[in-house]
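Student: Give me coordinates for this.
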Amino acid sequence: FTVAEGASLTLGDSNADGELIIDGNETLTTTTQSLISVLGTLVLNEKSTLQNNKCKEGYATNGAAVYSDGGTVKILGGTVKNNSNSYKNNTGGAIYIKNGTFEMTAGIVSNNSSYSSGGAIYVDGINAKIIGSEFDECSAKQQGGSIFIKGANTNITGSNFTKSYISADTSSARGGAIYV
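Tutor: Sure, this is the predicted structure:
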């Protein structure tokens, strides 16, 4: 679905009894779209999960879980896991953000992959902040196993990266965890 320009969507609540899960259901089908396209503002809180979106080969889909070009994405907890894109030029296995705002604090990003760059997150031309977050088992074929940063000032502090890697065995493969 789409968060329209000027609109805001908040997912999850640390005080809620249950968890909100948005599931791409990759075991039944593959898709040609991100789970959420953001033109306005998306806030992902604790007790919320975006998972299992596998973008179909042959379709140019950046950011299998979240795609934003000009929007605001804030991950203030929550989990983004098991998302991938498999087309040769796709970037941001889980999250793709360009020309907007990105802030991540206390989130968990695991088992995401990109055919090209930014297995978990692809940041293009914006200032981004990533604080106190966990990245586990994220991979890209070319650059930035967990995070790919292009033309942006990004502050990453207090975060852990485990088992992030580049899957291609080529001279252009760089940045097992982070590529700037």
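Student: Gly151 against Gly125, yeah?
Tutor: Yes. Contact criterion C-beta atoms under 8 Å: Gly151 and Gly125 qualify, at 4.8 Å. Where C-beta positions appear, they are placed from N, C-alpha and C, glycine not excepted.
Student: The nearest residue to Asp124 once chain neighbours are set aside pairs with what?
Tutor: Spatial nearest neighbour of Asp124, excluding adjacent residues (C-beta to C-beta, 6 or more residues apart in numbering): Lys98 at 4.0 Å. Beta-bridge partners of Lys98, counted by DSSP bridges, are Asp69, Asp124.
Student: Provide a list of residues in contact with Lys98.
Tutor: 68-70, 123-126 (C-beta atoms under 8 Å, 6 or more residues apart in numbering).
Student: which of those lies closest to Glu103?
Tutor: Ile126 (10.5 Å; C-beta to C-beta).
Student: Return the helix or strand in the protein with minimum mean pLDDT.
Tutor: strand 54-55 (a mean of 82; mean pLDDT, DSSP states H and E).
Student: Residue nearest the middle of the protein, spatially speaking?
Tutor: Most central in the chain under C-alpha atoms, centre = their mean is Ile95, positioned 2.2 Å from the mean C-alpha point.
Student: Which pLDDT does the model give that one?
Tutor: pLDDT for Ile95: 95.
Student: export stretch 150-166 as CSV, just CAs?
Tutor: Extracted in CSV, the C-alpha atoms of stretch 150-166 (Å, rounded to 0.1, in the frame of the first residue of the first chain):
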residue,chain,number,x,y,z
LYS,A,150,25.3,7.1,-1.8
GLY,A,151,26.1,10.8,-1.7
ALA,A,152,24.7,11.3,1.8
ASN,A,153,25.9,12.1,5.3
THR,A,154,24.9,9.2,7.5
ASN,A,155,25.5,8.9,11.3
ILE,A,156,25.7,5.3,12.5
THR,A,157,26.3,4.8,16.2
GLY,A,158,25.7,2.1,18.8
SER,A,159,24.6,-0.5,16.2
ASN,A,160,25.6,-4.1,15.7
PHE,A,161,26.3,-5.9,12.4
THR,A,162,26.6,-9.7,12.4
LYS,A,163,27.0,-12.0,9.5
SER,A,164,26.6,-9.2,6.9
TYR,A,165,28.3,-10.1,3.6
ILE,A,166,28.8,-9.7,-0.1
